[in-house]
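Peer 1: can't give you the sequence, but here's the structure:
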């Protein structure tokens, strides 16, 4: 008897490489012990939340017996949280954003699904620069859309605006920019985005409907070299910012994110109404109450970015010693180097034999590369050096 849909059966056969490697790590730790396994597969922040989060939780706990303290709320989120969030995003984006243009979501992933449920028709296309976070495939296809990857410039991972322009068709409904980027750590420049915005505005006018430019920004605060992270709201009218506090506050499991729509969008009320409706009917109902209450008090807090900066530099040392080519990530907490010998599958096998876990580039639409996350301790990074060097040498012989 067929228990699953054909689509879900296909998904399971091609499920996330990130999770596959994470699960392989569980087995390696069982066999060889946790201290002898170097797991760089999953971007799961290991830093504790800032101290103020603990104090805020105690304050929330003091009122937990009040009526409706953690009950239902408006589907767009608590008004106080939306006001707090609008103020924070207004400073980040350099544009005054009213509370009515912001809703709370179940993480950035929930935000993307809510947005696509609201704007996609069956057969609509969503462009993404490649390499890219593979879950975008699922989020798009959930609502009948088709993801269209467009390769970035080789090894620098800068936007290829001409290639994107060539990929835009009348079916194109949106383009996702993830900056700082997972898996490359690239931060797209103001010039790149300005050129892209010009192309998208021309195409939107030509086709008679807006092509949305979506900024997926959960890593915005991880900007190691003080790069300019341009506001899409300043550069393109039909822009949307979707993000979360999973990384900046180490609250990944609490699932708190948001959607903010550019105030430049005219007659925005129907779009916001659609987003709030989608938040409800997709079964999210509302974003987590506890997380919203934490953020009301802690939205200006962040984990110590310098910890990640030191880890980035430590991993660069390990890769240099192994003779592995890479572009230094400007943000996020990932390296996306070239696989020694050019075959990342062979290199993944060599890494596993040496108890190191990474994710092959094919998992991000970019064979020949691999991803290593550095949201692990410096000790683990440095101790992995001999194993990484040995795996690289095996693939060059």
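Peer 2: On my side now, so go ahead. Just so it is clear, the structure is predicted and the values come from calculations on it, not from any experiment. Numbers count the residues shown, from 1 in each chain.
Peer 1: buried set for stretch 310-325?
Peer 2: Under the neighbour-count criterion of 16 or more other C-beta atoms under 10 Å, stretch 310-325 has 311, 312, 314, 315, 316, 318, 319, 322, 324 buried. Every residue, glycine included, has its C-beta placed from N, CA and C.
Peer 1: and those, which of them are in strands?
Peer 2: Among those, DSSP state E puts none in strands.
Peer 1: closest to residue 241 out of those residues?
Peer 2: residue 312 (24.9 Å; C-beta to C-beta).
Peer 1: what's near enough to touch that closest one?
Peer 2: For residue 312, the contacting residues are 224, 328, 329, 333, 335, 374, by C-beta atoms under 8 Å, 6 or more residues apart in numbering.
Peer 1: which of these count as buried?
Peer 2: 224, 329, 333, 335, 374.
Peer 1: show me what residue 151 is bridged to.
Peer 2: residue 130 (DSSP bridges).
Peer 1: that one: neighbour count?
Peer 2: Residue 151: 15 surrounding residues under other C-beta atoms under 10 Å.
Peer 1: now residue 3
Peer 2: 6.
Peer 1: host element of it?
Peer 2: Here residue 3, judged by DSSP states H and E, is contained in no helix and no strand.
Peer 1: show me what contacts it?
Peer 2: By C-beta under 8 Å, 6+ apart, residue 3 has no neighbours at all.
Peer 1: if you set the cut-off to 10 Å instead, what comes out?
Peer 2: residue 9 (C-beta atoms under 10 Å, 6 or more residues apart in numbering).
Peer 1: if I look at it, how far off is residue 140?
Peer 2: 25 Å (C-beta to C-beta, to the nearest Å).
Peer 1: then residue 316?
Peer 2: Relative to residue 140, residue 316 is positioned 34 Å away (C-beta to C-beta).
Peer 1: next: residue 242.
Peer 2: 14 Å.
Peer 1: so what pLDDT did residue 395 get?
Peer 2: With respect to pLDDT, residue 395 scores 91.
Peer 1: oops, could you answer that again for residue 15 instead?
Peer 2: On the pLDDT scale, residue 15 is placed at 64.
Peer 1: where do the contact lists of residue 242 and residue 140 overlap?
Peer 2: The contact sets of residue 242 and residue 140 overlap at 112, 176 (C-beta under 10 Å, 6+ apart).
Peer 1: that older thread, out of the buried ones among the contacts of residue 312, which two sit at the greatest distance?
Peer 2: For the buried ones among the contacts of residue 312, and using C-beta to C-beta, no pair is farther apart than 224 and 335, which are 12.3 Å apart.
Peer 1: any common contacting residues for these two?
Peer 2: With C-beta under 10 Å, 6+ apart as the test, residue 224 and residue 335 both reach 185, 312, 328, 329.
Peer 1: okay, the most centrally placed residue in the chain and residue 241: tell me how far apart.
Peer 2: With distances taken as C-alpha atoms, centre = their mean, residue 218 lies nearest the centre of the chain, 5.5 Å away. Relative to residue 241, residue 218 is positioned 11 Å away (C-beta to C-beta).
Peer 1: shared neighbours, these two?
Peer 2: 108, 111.
Peer 1: and for the nearest residue to residue 302 once chain neighbours are set aside, the neighbour number?
Peer 2: Once flanking residues are discounted, residue 302 sits nearest to residue 248: 4.9 Å by C-beta to C-beta, 6 or more residues apart in numbering. Residue 248 has 22 neighbouring residues, counting by other C-beta under 10 Å.
Peer 1: could you list the buried residues of stretch 238-251?
Peer 2: Under 16+ other C-beta under 10 Å, the buried positions of stretch 238-251 are 238-251.
Peer 1: per-residue pLDDT, the residue nearest to residue 302?
Peer 2: Looking at residue 248, the pLDDT reads 92.
Peer 1: identify the spatial nearest neighbour of residue 70, chain neighbours not counted.
Peer 2: Here the residue nearest residue 70, using C-beta to C-beta, 6+ apart, is residue 289, at 4.7 Å.
Peer 1: pull the contacting residues for that neighbour.
Peer 2: 60, 68, 69, 70, 71, 72, 73, 77, 78, 81, 104.
Peer 1: ranges for the helices of the stretch 251-397 of the chain?
Peer 2: For the stretch 251-397 of the chain, applying DSSP state H, counting those that start in this stretch gives helices covering 269-281, 289-298, 305-321, 344-353, 378-383, 385-396.
Peer 1: gap between residue 297 and residue 54?
Peer 2: On the measure of C-beta to C-beta, residue 297 and residue 54 end up 11 Å apart.
Peer 1: check residue 372 too.
Peer 2: For residue 372, the distance to residue 54 - C-beta to C-beta - is 31 Å.
Peer 1: re earlier: quick check, nearest of the buried ones among the contacts of residue 312 to residue 34?
Peer 2: Checking the buried ones among the contacts of residue 312 one by one against residue 34 (C-beta to C-beta), the nearest turns out to be residue 374, at 18.0 Å.
Peer 1: how about the contacts made by that closest one?
Peer 2: Residue 374 makes contacts with 40, 43, 185, 307-316, 318, 329, 332-335, 380-381, as judged by C-beta under 10 Å, 6+ apart.
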